[in-house]
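What follows is a protein structure lacking sequence information:
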């Protein structure tokens, strides 16, 4: 089992819809969770981080964390074509390091 | 405008040659990471340093890869000898700790023929 798994995608949504990106992790002791966005040919950039169970909202982005289910998700409301990118889930794993998932490619169609 | 810089941005070399990649972290950041990204494996951590000391290099093939921080403004990743399977994008990132936000450089795209 991989330490961090993301829905493989690609995910395609129409402009204005909600995009839902999911991530599960295996280390029950993980405390810190991050979502990075990576445009094609560019480097990853942080969108959000979450440490506590529940929801955390930042503009059109909402991160959701459920430690009991070892599940973290990212919702993008009112999706825009500029949101088209690969989204990487990163989880603190043993040894105090971040382990990245393989990413989910999102396409928002105008 | 604080950002991580990496050189070279692109490198094409032949199998067996030595490759050196350089990274300048953001001033004040005490943690530096080296990652490799491929389509097949995604983003893999190769090594990271805190306060210039290597903390974890378990992701790095020791026989051919080496990583150093000769000073706080420079991190290097060296491959000797290079092999075609090393072809990837190598990212350097810096931050204020291993589980805090990491700021990525633009990457070095390496092609080994």
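Sure, I can see it. Predicted model, so just to flag it, every value in this text is computed and none were measured. Residues are numbered from 1 along each chain as shown, chains lettered A, B, ... in the order given.

Just after the lengthiest strand in chain A, pick out the following helix or strand.
The residue-count maximum for a strand in chain A (DSSP state E) belongs to strand A:85-93. Moving toward the C-terminus from strand A:85-93, the first helix or strand encountered (DSSP states H and E) is strand A:97-100.

Tell me the strands beside that following strand, with direction?
strand A:85-93 (antiparallel) (DSSP bridges).

was I right about residue B:36 contacting residue B:61?
No. Here residue B:36 does not reach residue B:61: they are 10.3 Å apart, not a contact under C-beta atoms under 8 Å. From N, CA and C alone the C-beta is placed, and that goes for glycine too.

Neighbour count: the two, which is higher?
residue B:36 (22 against 12; other C-beta atoms under 10 Å in any protein chain shown).

Just the mean pLDDT for the helix or strand in which that one is found, thanks.
Following DSSP H and E, one finds residue B:36 within strand B:31-38. For strand B:31-38, the mean per-residue pLDDT is 94.

Next, the angle from that strand to strand A:85-93.
Note on geometry: by axes from the mean of the first three to the mean of the last three C-alpha atoms, to 10 degrees, strand B:31-38 and strand A:85-93 are set 130 degrees apart in direction.

List the buried residues of whatever helix or strand comes next after strand B:31-38.
The first helix or strand that comes after strand B:31-38 along the chain, using DSSP H and E, is strand B:42-50. Within strand B:42-50, the residues scored as buried using 16 or more other C-beta atoms under 10 Å in any protein chain shown are B:42, B:43, B:45, B:46, B:47, B:48, B:49, B:50.

Over to stretch B:90-109?
Quick answer for stretch B:90-109 (16+ other C-beta under 10 Å): B:90-95, B:98-100, B:102-109.

Return the helix or strand in chain B with minimum mean pLDDT.
strand B:53-56 (a mean of 88; mean pLDDT, DSSP states H and E).

So what are the sheet partners of that one and their directions?
Under the rule (DSSP bridges), strand B:53-56 has strand B:42-50 (antiparallel) as partners.

low-scoring pLDDT stretches of chain A, where are they?
Along chain A, the parts satisfying pLDDT under 70 run over A:95-96.
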